[in-house]
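Novice: Just the structure for this:
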Amino acid sequence: MTEEKFVYLCEDSMEGIFSAVYKAFEEHHGHRRNRLMINTEGFNRELFCEYRVVDTDYEKAVKVADTIQKRISVQAYEFVQKAAVSCRSEKADAIYRFIIEGLSVGNRVMSHLTAPFMQTMFELERYTNHEARFWVEFLRFEELENGMLFARINPKNKILPYLAGHFSDRFSGEDWIIADTVHKYVLIHQKNQGCIYASMDEVDLDELTLYYSEEERDLQKLWKLFVDTIAVKERVNKNLQRQMLPLRYRKYMKEFTSEQKD
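Specialist: Sure, this is the predicted structure:
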């Protein structure tokens with residue numbers, strides 16, 4: 001007889017995944033019978049599986065976060081955080097398996113390199129780190145009329161918090177905002193203070209009307225003129241350009257605006 005399995009469907013957030021982890025432990029079906037999935041529309045259901053939607057419970061999520069830090073390690077918790085912000089759907093079950101093993105062996109779980117769940121976790125972490133490094137290099141600030149610096153990014157992963165340290169150090173004396181137009185979050189920095197990470201669910205960050213300072217408008221014109229003038233048409237290599245600067249990173253770069261509309 002085929003053994004029934006339980007699939008816990010959770011919100012695509014660290015809190016949602018941790019809530020599902022708590023629920024899976026709480027119901028005592030046996031970990032080999034459980035699986036965690038991000039609750040998305042149109043996923044394929046399997047036979048002999050009971051699907052359970054888990055509501056995000058922040059109190060339970062905090063308990064799971066505390067348990068990871070106390071019984072495994074702070075390093076493991078930071079590792080899980082980077083996996084949780086990935087856009088890949090397999091992250092929920094990989095985090096679940098990581099926590100199960102970690103509660104058994106402690107921080108030694110970080111050296112279980114051949115375990116399938118650890119291979120997935122390392123892939124998720126690398127993907128997050130790789131994209132965060134790209135945005136550190138490619139992000140463009142623009143000066144608004146009120147003197148605030150504003151930048152938009154369109155990342156695949158929820159990497160906005162991992163940009164805070166770099167730009168807080170580099171522009172500590174400036175007021176600035178970085179907006180994630182895909183996941184609808186903003187990072188707000190006040191001059192000589194820390195950052196605030198806030199949700200902007202009700203705002204279309206991609207359709208904002210921006211009013212630039214006069215100096216910013218002049219600089220944008222000069223920059224586009226410089227890029228157009230320095231280019232040698234006979235030596236333009238589109239394939240090399242895409243390799244060095246992938247298309248998805250160009251959306252808010254002024255020198256590529258006309259190119260994207262073509």
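Novice: hey, let's count contacts and neighbours off CA atoms from now on
Specialist: Noted.
Novice: For the chain, just list every one of the strands.
Specialist: In the chain, the strands defined using DSSP state E lie at 5-10, 34-38, 49-53, 142-143, 149-153, 176-180, 185-189, 195-199.
Novice: what about the stretch 151-262 of the chain, any weak spots by pLDDT?
Specialist: Applying pLDDT under 70 to the stretch 151-262 of the chain flags the ranges 258-262.
Novice: Of the strands of the chain, which is nearest Gln119?
Specialist: strand 34-38 (17.1 Å; C-alpha to C-alpha).
Novice: can you put the strands of the chain in TSV and add mean neighbour count and distance to Cys87?
Specialist: Formatted as TSV, those follow (neighbours: other C-alpha atoms under 10 Å; distance: least, C-alpha to C-alpha, whole Å):
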stretch	mean neighbour count	distance to Cys87
strand 5-10	22	14
strand 34-38	23	10
strand 49-53	15	20
strand 142-143	20	28
strand 149-153	20	15
strand 176-180	23	14
strand 185-189	21	15
strand 195-199	15	17
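Novice: Could you dump these into JSON lines and include distance to Glu90?
Specialist: Shown next, in JSON lines, are the strands of the chain (distance: least, C-alpha to C-alpha, whole Å):
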{"stretch": "strand 5-10", "distance to Glu90": "12"}
{"stretch": "strand 34-38", "distance to Glu90": "7"}
{"stretch": "strand 49-53", "distance to Glu90": "16"}
{"stretch": "strand 142-143", "distance to Glu90": "36"}
{"stretch": "strand 149-153", "distance to Glu90": "24"}
{"stretch": "strand 176-180", "distance to Glu90": "23"}
{"stretch": "strand 185-189", "distance to Glu90": "23"}
{"stretch": "strand 195-199", "distance to Glu90": "24"}
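Novice: Which of the ones you listed sits closest to Ala115?
Specialist: Set against Ala115 and scored by C-alpha to C-alpha, the strands of the chain come closest in strand 34-38, at 16.6 Å.
Novice: Adjacent strands (with direction) for the closest one?
Specialist: strand 5-10 (parallel) (DSSP bridges).
Novice: quick check: angle from the partner strand to strand 49-53?
Specialist: 20 degrees (axes from the mean of the first three to the mean of the last three C-alpha atoms, to 10 degrees).
Novice: Might one say that Ile153 is in contact with Tyr185?
Specialist: No: with contact defined as C-alpha atoms under 8 Å, Ile153 does not count as touching Tyr185 (10.3 Å).
Novice: list the residues that contact both of the two?
Specialist: By C-alpha atoms under 8 Å, 6 or more residues apart in numbering, Ile153 and Tyr185 have these common neighbours: Ala179.
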